[in-house]
Structures are given as C-alpha cells and as structure tokens.
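Trainee: predicted model, plus sequence, below.
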Amino acid sequence: MTALAISRDAHRSTHLTAGDIGRAATLALHDELELAPKPGLVSFIDSGSHSDMDAHTFMRSLFALRHYFVQIAALGEAHVPFGALEGCGVAAERRMLAATGGINTHRGAIFTLGLLCASAGALAREGQALSPNALRRALGRHWGEALHARSRRTSMLPGGIAARRYGLRSASEEAALGFPVLFDIAVPALAAATRRGLDSQRARLDTLFAVMASLDDSNLAHRGGLAGLQHARSTARDYLEGGGAAADEHLEAAWAIHRDLVARRLSPGGAADTLAAACFMRRVCARLA
Ligand SMILES: CC(C)(COP(=O)(O)OP(=O)(O)OC[C@H]1O[C@@H](n2cnc3c(N)ncnc32)[C@H](O[C@H]2O[C@H](COP(=O)(O)OP(=O)(O)OP(=O)(O)O)[C@@H](O)[C@H]2O)[C@@H]1O)[C@@H](O)C(=O)NCCC(=O)NCCS
Ligand SMILES: Nc1ncnc2[nH]cnc12
C-alpha cells in the first residue's frame, strides 16, 4: 500500500479534525498533479500547455497553501460567515502568488477546495458522518445564500473573465448552484470507475474526462474561445464513448489527446480542480456512492 493510500485510509475515521481535513485537501491536489497523462495540464512528466508553470511551481504553491486548508476547515467548524471564508481565501491567493512568483496555479482550487474544507469542518463539528451529499447540503445550508449573492455580483461586473464573455457558468456560479458537475458527474464517475475495479490512475483519468465533457471550464474558453471549449468537450466524449480508461489502448489515446491539446495550447484547469475536489471526497468520505 502506498504512503498516499495509507494516509487516505487514515482519513476515513468517523471524527476528522480540521488538520485531517486540511491534509486531505493538500494530498488531493497532489493526487491531481501526479496524474499523467492529463490532457493539456501540468504533471511531473511535463508542463502541458503551460509555458509559465511546471510541477515545481505547483509543489511550491502546495507548500504555501499547507496551512490554508486547515485554517478554512477550522473556520467551517465555527460556522463563520462567508466573508470570513473569502478573506481567508484571498490571503491564501496572496501566499500562492508569492510562492510561485505571480503564477496563478491554484486560484480555482483555493476557492473550490476551500469551500469543501469549510463544509467538512462544519459537518465534523456537528458530529455528522462525511458523505458527498452531506457535504453538498452543508455547503448550501451554511453559505449557499452568500454564494448566490456573490455570483450575481460577479456576473454583473463589466467584461473580465472568459465565463462572462462567452456566457458560460463561472466557478462562482458553479459554487452557487452547489457544484453540480462535481457532485453529479465527477464523484459518481470516480465511484463507478472504482467499483469497476479500475486502478487509481485509470479511475482519476476517467473522472477527469467525464468532467471535461461537461464543465463550463473558463480556462479552456480563456485560451481557445468557445471553439476550444467545444473541441475539448467533444474529444473527452469520444474518449469515454471508446471505453474510456478501461479500454486496452487507453494510455495511448490519452497521450494523443494530451499532445493535441498542447498543440492547441488548451488547458482544462477548471476540470483539474474539479478532479482534485473529487479526490478530496474520496479521502474524507467513508463512501463515495
Ligand atoms: C471565486 C474565484 C474562483 C473567481 O470567481 P470566477 O467566477 O471569476 O471564476 P472563473 O474565472 O470562472 O474561474 C476561476 C478559476 O477557477 C477554475 N475554474 C474554471 N472554470 C471553472 C468552473 N466552471 N468550475 C470550477 N472552477 C473553475 C480555474 O482555476 C484553475 O485554472 C487556473 C490555471 O491557471 P491560469 O493561469 O488561471 O490559466 P492559464 O490557462 O494559465 O491562463 P494564462 O495565465 O496563461 O493566461 C488555476 O487557477 C486553477 O485553479 C479558473 O482559473 C476566486 O478567484 C475568488 O474570487 N477567490 C477569492 C475568494 C476565495 O478564494 N475564497 C475561498 C473560500 S470562499
Ligand atoms: N495540473 C494543472 N495544470 C494546469 N492547470 C491546473 N489547474 C489546476 N491543476 C492544474
């Protein structure tokens, strides 16, 4: 059993501390970074479509964020207002940028995983067992209204992010809706792949492609417009329809897709964050299904 697997099993105890939750988030981001092939994205093999960051950039960022996930889980235990979570996240973004020399490695992960850590902290303090549905309910119960208000505010800002430019569902809107792609696509895909007996690499790859096929990934649109987003989506759907990571030649197919996205400079960063969030739940929830 690998060290990661040991730490993963240790996290399935009924009572998790903020420290356990924070460590699970950091390990989940490593689960995502370590996966290869990973279309267009940075791994320990190469930097994908990115000329400004590599795996070392990500590891520096992960080190800078090691206290953040514990802190925001502790804030969740105290059921603090959304503004306190946001302030913690903004401070974490600053530490990430200082550690990476200004490279935006985990901006989305700080947001998505931060909210999940806070929700896990709230459940742990209430003595409730952690499950994907319980996390989703806790997120909505404690911060859903604030997330809706925030999403309405950011959607009215002039210009700005690709999501608004192309009429896509931004990360803020995804959160306000209770992360539907994460809970309705990514977590079931990871659970189904694991039930089918796929190993960790194949299960994470299938999950990533399932997310790419559905998510309004603003990073893909930011780099390749709607055409780029549609290309990544249709490529992911074709891969899954061809048997996905369970197919014998899945690795060759996945490396070919990686080369194609790199050639187009496309990078599904939002899908990568969503995969990390699903890996987080695999670590802290007794069961995913
Ligand atoms: C809440 C924020 C995330 C900002 O909200 P907004 O709605 O504006 O978010 P988006 O622009 O839609 O996405 C922001 C990042 O989130 C990831 N992402 C993209 N689409 C989605 C989606 N549909 N669902 C979930 N997450 C999504 C993505 O982040 C990842 O990709 C980035 C890769 O690096 P980057 O350099 O940005 O991209 P490049 O391709 O390299 O472009 P160039 O630089 O080369 O030009 C990386 O960040 C990954 O994480 C989107 O980038 C948040 O920013 C915010 O407001 N934070 C403060 C509050 C906070 O953090 N609170 C914590 C707890 S509440
Ligand atoms: N591995 C990765 N490569 C590029 N962008 C990302 N955003 C989150 N994870 C990423």
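Mentor: Done, it's in. Ligands and ions are numbered 1, 2, ... in the order given.
Trainee: could you report the neighbour count for A149?
Mentor: Per other Cβ atoms under 10 Å, the neighbour tally for A149 reads 11. For glycine as for every other residue, the C-beta is placed from the backbone atoms N, C-alpha and C.
Trainee: what helix or strand is it located in?
Mentor: helix 132-155 (DSSP states H and E).
Trainee: gap between that helix and the chain center?
Mentor: Offset of helix 132-155 from its chain centre (Cα atoms, centre = their mean, to the nearest Å): 16 Å.
Trainee: same thing with stretch 273-288?
Mentor: 9 Å.
Trainee: is that stretch positioned near ligand 2?
Mentor: Yes. Shown here: stretch 273-288 in contact with ligand 2 (Cβ under 6 Å from any ligand atom) through D273.
Trainee: what mean pLDDT does that stretch have?
Mentor: Taken as a whole, stretch 273-288 has an average pLDDT of 95.
Trainee: and if you look at stretch 108-123?
Mentor: Per-residue pLDDT over stretch 108-123 has a mean of 98.
Trainee: list, one by one, the residues from this structure near ligand 1.
Mentor: By the rule Cβ under 6 Å from any ligand atom, the part of the chain lying against ligand 1 is 50, 52, 85-86, 89-90, 104, 106-112, 114-115, 154, 161, 163, 169-172, 174, 215-219, 222-223, 267, 269-270, 273.
Trainee: returning to what we had before: contacts for the helix holding A149?
Mentor: Under the criterion Cβ atoms under 8 Å, 6 or more residues apart in numbering, residues 76, 79, 81-83, 85-86, 115-116, 118-120, 122-123, 128, 164, 170, 172-173, 175-176, 178-179, 183, 187, 281, 285, 288 lie in contact with helix 132-155.
Trainee: okay, now S234: neighbour count?
Mentor: 12.
Trainee: secondary structure element holding it?
Mentor: Assigned by DSSP H and E, S234 falls in helix 218-241.
Trainee: so what secondary structure elements neighbour that helix?
Mentor: Contacts defined by 3 or more Cβ pairs under 8 Å, 6 or more residues apart in numbering; DSSP states H and E place helix 218-241 against helix 162-165, helix 200-212, helix 250-263, helix 269-284.
Trainee: quick one: which of the ones you listed is nearest Y68?
Mentor: Nearest to Y68 among the helices and strands packed on helix 218-241 is helix 269-284 (13.7 Å), distances taken as Cβ to Cβ.
Trainee: that closest one to helix 218-241, inter-axis angle?
Mentor: 70 degrees (axes from the mean of the first three to the mean of the last three Cα atoms, to 10 degrees).
Trainee: packing partners of helix 269-284?
Mentor: For helix 269-284, the packing partners by 3+ Cβ pairs under 8 Å, 6+ apart come out as helix 3-10, helix 18-34, helix 107-125, helix 187-195, helix 200-212, helix 218-241.
Trainee: dump the helices and strands packed on helix 218-241 to JSON lines, plus mean neighbour count.
Mentor: Below are the helices and strands packed on helix 218-241 laid out as JSON lines (neighbours: other Cβ atoms under 10 Å):
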{"stretch": "helix 162-165", "mean neighbour count": "19"}
{"stretch": "helix 200-212", "mean neighbour count": "25"}
{"stretch": "helix 250-263", "mean neighbour count": "17"}
{"stretch": "helix 269-284", "mean neighbour count": "27"}
